[in-house]
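Undergrad: give the three-dimensional model of this entry:
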Amino acid sequence: MAKHFVAAAGAVAFRRIPGDEPLVCIVHRPLYDDWTLPKGKLENGESNEQAALREVAEEAGVAGRLVETWSCETRYLDYRGRDKVVTYFLLEVDEVAFSPNDEVDRLEWLPPAIASARLTYPHDAEVLNSLLAHL
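TA: Below you'll find the model as predicted:
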């Protein structure tokens with residue numbers, strides 16, 4: 001019997017800092033007590049790109065544009081043991097209006113190396129480093 005497959009999308013959201021390296025957005029989820037990249041499940045009929053933009057806006061209060069079509073994918077078992085595939089995009093941020101909520105209580109903007117080290121899951125750090133290599 002095939003396991004249930006969960007499709008999700010998210011983004012490595014970044015802000016350019018003149019004369020310096022970009023800052024990357026990571027979020028803290030109190031339910032899991034983890035630091036991760038903003039992401040979430042696709043809704044019916046939604047593309048990966050649409051889901052990524054929606055989820056980053058919902059979780060991090062961030063609006064922006066996807067950079068080219070650069071993306072990468074990660075696969076793992078979620079906390080229920082289901083196969084989960086997350087497609088991540090590189091998102092350049094135009095606006096930030098974060099408000100803590102039940103799903104995400106904290107957000108940090110960090111230089112890439114510090115963000116990578118702070119992330120709870122190694123696959124998130126791999127995604128961050130892979131996508132930022134395109135900048």
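Undergrad: and residue 131, how far from residue 58?
TA: 20 Å (C-beta to C-beta, to the nearest Å). C-beta coordinates here come from the backbone N, C-alpha and C atoms, glycine included.
Undergrad: for this protein, what spans make up the strands?
TA: With DSSP state E as the criterion, the chain has strands at 5-15, 23-29, 34-36, 39-41, 62-77, 83-96, 106-110.
Undergrad: direction included, what does the second one pair up with?
TA: Take DSSP bridges as the rule and strand 23-29 pairs in its sheet with strand 5-15 (antiparallel), strand 34-36 (antiparallel), strand 106-110 (antiparallel).
Undergrad: how about the worst-scoring helix or strand of the chain on mean pLDDT: buried residues?
TA: One helix or strand of the chain scores below all others by mean pLDDT, DSSP states H and E: strand 62-77, with a mean of 89. Buried residues in strand 62-77, counted by 16 or more other C-beta atoms under 10 Å: 62, 64, 66, 67, 70, 71, 72, 74.
Undergrad: just stretch 108-118 next, same as before
TA: Those would be 109, 110, 112, 115, 116, 118, for stretch 108-118 by 16+ other C-beta under 10 Å.
Undergrad: do the same with stretch 35-48
TA: For stretch 35-48, burial by neighbour count (16+ other C-beta under 10 Å) applies to 35, 36, 37, 38, 39, 40, 42, 46, 48.
Undergrad: any idea how far residue 85 is from the last one?
TA: Residue 48 sits 10 Å away from residue 85, taking C-beta to C-beta as the criterion.
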